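1. Below are the sequence and a predicted model; questions follow.
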Amino acid sequence: MTPTDSIAHRIRAIRAELPADVTLVAVSKTKPVDMLQQALDADQIDLGENRVQELAEKADHFSSQTVRWHHIGHLQTNKVKQVIPHAHLIHAVDSDRLLLEIDKRSRNADLQSAVLLQLHIAEEEQKHGMTEAQLGACLNELVRTPLTNTRICGLMGMATFTEDERQIGKEFRGLRTLYERFNPGDWDTCSMGMSGDWRIAVDEGSTLVRIGSSIFGSR
């Protein structure tokens, strides 16, 4: 790998385009630890994993280094207990049931967890996420029964996999609108944008982008 095609070079190139207030999460899922080390050596401490066991193993491997681990994949309720000791931020909380399980497990472990609520903004039905109505109902219930050990930091969503940039922009714009509408005042994260569409997402108000293949190469 040449210096101009290194992981460090790709990270620096993306950072050069990102506004200062947008967080870059390098999606390191399935990648070997030597590639993650190259990212860490380039001061990229926010890393994203979607498999619970892999996240735990990598967190143990890099326990002596500063890493902010992001769980970015669909999370099953029976895996929550394994995630909360490691995750700086749990991204894809797509139901009130999962949210309450995270809070319960965090309380039992005397930990504080941070999460993003996932909205379904894409045309693909297989993508996870709450509807606008479900989000509203969830937040209304939390007014009556607040969380004790979990902080909602904002919203996240994934756009339709398409080359139609107008559609992608519309979906991201819709998510940003809901973020502003439902924000109780202490949310700070509107996560949208991946390797193929992060520039559109930033233009539409993203504060966190998750980029994998453009940093580590394709899987």
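-> Arrived safely.
2. Buried residues, the host helix or strand of Gly169. List them.
-> Here Gly169, judged by DSSP states H and E, is contained in helix 165-182. Across helix 165-182, burial judged by 16 or more other C-beta atoms under 10 Å covers Ile168, Gly169, Glu171, Phe172, Arg173, Gly174, Leu175, Arg176, Leu178, Tyr179, Phe182. Glycine gets a C-beta too; all of them are placed from N, C-alpha and C.
3. Give me the distance from it to the chain's centre.
-> Relative to its chain's centre, helix 165-182 lies at 16 Å (C-alpha atoms, centre = their mean, to the nearest Å).
4. next structured bit after that helix?
-> Counting by DSSP H and E, what follows helix 165-182 is strand 189-191.
5. Let me know the helix or strand that the residue sitting nearest the centre point of the chain is in.
-> By C-alpha atoms, centre = their mean, the chain has its centre lying nearest to His91, at 3.9 Å. Assigned by DSSP H and E, His91 falls within strand 87-93.
6. Within the sheet, what are the partner strands of that strand, with directions?
-> Strand 87-93 pairs in its sheet with strand 68-71 (parallel), strand 113-118 (parallel), by DSSP bridges.
7. Give the other helices and strands that the helix or strand just after that strand contacts.
-> Heading C-terminal from strand 87-93, the first helix or strand you meet, by DSSP H and E, is helix 96-108. Helices and strands touching helix 96-108, by 3 or more C-beta pairs under 8 Å, 6 or more residues apart in numbering; DSSP states H and E, are helix 80-83, strand 87-93, strand 113-118, helix 132-144, strand 150-156.
8. closest one to Arg12 among those?
-> Arg12 lies closest to strand 87-93 among the helices and strands packed on helix 96-108, at 22.3 Å (C-beta to C-beta).
9. Can you report the mean pLDDT over the residues of that closest one?
-> Regarding strand 87-93, the rounded mean pLDDT is 97.
10. now the angle between strand 150-156 and it, please.
-> Interaxial angle of strand 87-93 relative to strand 150-156 (axes from the mean of the first three to the mean of the last three C-alpha atoms, to 10 degrees): 50 degrees.
11. Report the buried residues of strand 87-93.
-> Neighbour counts over strand 87-93 (16+ other C-beta under 10 Å) mark Ala87, Leu89, Ile90, His91, Ala92, Val93 as buried.
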